[in-house]
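> This is the structure alone, sequence omitted:
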């Protein structure tokens, strides 16, 4: 599962682009107990959502020309420039060229072969998220894609990701884990796009956050102006999940995970 012992290809950062960072901070604070801490003038308004003093995500206020409100997931790379070049060679694209972020690290925004955006982070002073898997923090990722085999091949070429097939209720679910790790190090899944007309045609990355009570979190989101995209439901041996959108349209999911099987 997710860990802060980051390796190449593992998710190591997550941030929110929103038209109202104060409103977003209030919304997610009510859901997850986050506190927003500004990075100061030198960061251009970028800041950090903290959970009990540990960074659970980043965020900043964005304008319409920077794209719709959304969560962006970043994957660890030892060389952002080489990974950006490899993405282009694998029929992806570079949406934001590699750049240094003060002394914190080097980043770029890429898109996969289907046009789904994601980030890469080459750590320096900032090694990545400080908390995952705990209630109020990132615990899983899903890639919705129109081309599952193409996506698996793209990310394998870029990061060396390996896949495994799990079966839930007769449906095969494709999971991914970093190269050279066991399948129990899986951190996400790849899901074929369905006929949901509200989902982006090119697909998207969807972050999941662990919660103590899925139904209570859904109710809290609605009270604060959020929208329920998929109602709370149970997945056997996985947990109780729901897909939401914040008041500005950024999508995410929540899960109360089932206890590990013994």
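Yep, it's here. None of the values given here were measured: they were computed from a predicted structure.
> What segments of the stretch 1-150 of the chain are strands?
Using DSSP state E, counting those that start in this stretch, the strands found in the stretch 1-150 of the chain span residues 11-18, 35-38, 47-51, 54-61, 70-76, 93-101, 105-111, 117-123, 138-145.
> For residue 174, which of those strands is the nearest?
strand 138-145 (9.3 Å; C-beta to C-beta). Bear in mind the C-beta positions are built from the backbone N, C-alpha and C, glycine included.
> Check which strands are paired with that closest one and give the direction for each one.
strand 188-192 (parallel), strand 204-210 (antiparallel) (DSSP bridges).
> Let me see the residues that make contact with the first one.
Just to be clear, that refers to strand 188-192. The contact list for strand 188-192, computed with C-beta atoms under 8 Å, 6 or more residues apart in numbering, reads 11, 140-146, 148, 151-152, 163, 173-176.
> Same question for the last one.
Counting contacts by C-beta under 8 Å, 6+ apart, the residues outside strand 204-210 that touch it are 14, 32, 70-73, 116-118, 133-144, 241, 243, 251-257.
> Just the buried subset of the residues you listed, please.
14, 32, 70-73, 116-118, 135-144, 241, 243, 251-257 (16 or more other C-beta atoms under 10 Å).
> For residue 94, the count of nearby residues, please.
Other residues lying near residue 94 total 15 when counted by other C-beta atoms under 10 Å.
> With adjacent residues omitted, what lies nearest to it?
residue 84 (5.0 Å; C-beta to C-beta, 6 or more residues apart in numbering).
> Give the full set of residues in contact with that neighbour.
94, 97-98, 108, 110, 120.
> Can you tell me which of these is closest to residue 53?
Looking across the contacts of residue 84 and measuring by C-beta to C-beta, the closest to residue 53 is residue 120, at 26.8 Å.
> Can you report how many residues lie near residue 185?
18.
> That one: what's it in contact with?
1, 3, 177-178.
> can you list the strands paired with strand 138-145 in JSON lines and add distance to residue 224 and mean neighbour count?
JSON lines is the format used below for those (distance: least, C-beta to C-beta, whole Å; neighbours: other C-beta atoms under 10 Å):
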{"stretch": "strand 188-192", "distance to residue 224": "27", "mean neighbour count": "19"}
{"stretch": "strand 204-210", "distance to residue 224": "15", "mean neighbour count": "22"}
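> Tell me which of those strands sits nearest to residue 216.
strand 204-210 (13.4 Å).
> quick revisit: with respect to residue 27, which of the strands paired with strand 138-145 lies nearest?
Closest among the strands paired with strand 138-145, using C-beta to C-beta: strand 204-210, at 12.7 Å.
> Which SSE is immediately downstream of the closest one?
helix 214-223 (DSSP states H and E).
> Tell me how far that next one lies from the chain's centre.
Put simply, helix 214-223 sits 20 Å off its chain's centre (C-alpha atoms, centre = their mean, to the nearest Å).
> helices or strands up against that helix?
Taking 3 or more C-beta pairs under 8 Å, 6 or more residues apart in numbering; DSSP states H and E as the contact definition, the neighbouring helices and strands of helix 214-223 are helix 21-32, strand 227-235, strand 239-245, strand 251-257.
> Could you work out which of the ones you listed reaches nearest to residue 49?
helix 21-32 (6.3 Å).
> any idea of the angle the closest one forms with helix 214-223?
Going by axes from the mean of the first three to the mean of the last three C-alpha atoms, to 10 degrees, helix 21-32 is angled at 160 degrees with respect to helix 214-223.
> Can you check what angle separates helix 21-32 from strand 251-257?
Using the same axes, to 10 degrees: helix 21-32 against strand 251-257 is 20 degrees.
> what about the stretch 151-262 of the chain, any weak spots by pLDDT?
169, 183, 195-202, 261-262 (pLDDT under 70).
> if we go to 90?
Where the stretch 151-262 of the chain drops to pLDDT under 90, the residues are 166-172, 179-185, 193-202, 236-237, 259-262.
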